[in-house]
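In: need a 3D model of the sequence below.
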Amino acid sequence: MAAKPKAELQRDAERTRAELLAVATEVFAESGYSGARVDEIAERTSTTKRMIYYYFGGKEQLYLAVLEHAYRGIREAEQKLRVDHANPVEAIRRLAEVTFDHHIAHDAFIRLVSIENIHRGAFIKQLHDLRDLSRPATSLLDDILRDGRAAGAFRDDVDALDVHLVISSYCVFQVANQYTFGYLFDTDLTETSRRAHLRRMLGDVVVGWLTSHP
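Out: Numbers count the residues shown, from 1 in each chain. Alright, predicted model coming up:
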């Protein structure tokens, strides 16, 4: 049998690594770092435990790769966002709603963030590049807030980190607390019309807050 061309071998390696990351994300999100087993990840994929160690080096390195990949996902979604800076009010609403959509579509990310906070950020502190990766998120907000202030639409005592905190907190709650909140108040936060209402509400909250002048 002829050996595969180098380019094809590289594509195979990329597919294998992507599959391992996807499955490892689910396993770590389901079981946490302590409960996740490399054997289980190997069983769920078309590879072996030995191959996992070949690509990532070990369980901790695999978890770090999963964590970094998850954060890169949301940062890339923010960077792809195209907003109309001529209308800063609609721009900030659009940013809030897209962030909501991404969190809902990537609930494993929320679980990973919760797990990392249980560990007091022990692993994320090893991912120094994530700080640089997070800067565009606040840079986009800075641009929108600057345009809004120049137009006289936004208050001037709120910065980008404040807005990022409010949007993230709301979005994370929808996923992280859906079971406890849903049980206590007999509501299903994932029901289609309810979710659409919550999405609009986030936009209303952020716009209402920024356009209220103290």
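In: tell me which residues of whichever helix in the chain runs longest come out buried.
Out: Of all the elements of type helix in the chain, the one with the most residues (DSSP state H) is helix 6-35. Along helix 6-35, these residues count as buried under the neighbour rule (16 or more other C-beta atoms under 10 Å): 16, 17, 20, 21, 23, 24, 25, 27, 28, 29, 32, 33. (Glycine included, C-beta is placed from N, CA and C.)
In: roughly how far does the fifth one sit from residue 127?
Out: Read that as residue 23. Noted for residue 23: a distance of 20 Å to residue 127, by C-beta to C-beta, to the nearest Å.
In: sorry, back to before: helix or strand right after the longest helix of the chain?
Out: The helix or strand immediately downstream of helix 6-35 is helix 38-44, counting by DSSP states H and E.
In: report the distance from the following helix or strand past that following helix to the chain centre.
Out: Beyond helix 38-44 on the C-terminal side, the first helix or strand identified by DSSP H and E is helix 49-56. What separates the centre of helix 49-56 from the centre of its chain is 26 Å, taken as C-alpha atoms, centre = their mean, to the nearest Å.
In: now the residue nearest the centre of the chain. Nearest residue, chain neighbours left out?
Out: Closest residue to the average C-alpha location of the chain: residue 74 at 4.0 Å, with C-alpha atoms, centre = their mean. Spatial nearest neighbour of residue 74, excluding adjacent residues (C-beta to C-beta, 6 or more residues apart in numbering): residue 102 at 5.6 Å.
In: which helix or which strand is home to that neighbour?
Out: Counting by DSSP H and E, residue 102 is found in helix 88-105.
In: pull the residues that contact that helix.
Out: 73-74, 77-78, 81, 83-85, 109-110, 140-141, 144-145, 147-148, 151, 153-154, 163, 167-168, 170-172, 174-175, 195, 198-200, 202-203, 206-207, 210-211 (C-beta atoms under 8 Å, 6 or more residues apart in numbering).
In: out of those residues, which end up buried?
Out: In the contacts of helix 88-105, burial by neighbour count holds for 73-74, 77-78, 83, 109-110, 140-141, 144-145, 147-148, 153-154, 163, 167, 170-171, 174-175, 195, 198-199, 202-203, 206-207, 210, counting by 16+ other C-beta under 10 Å.
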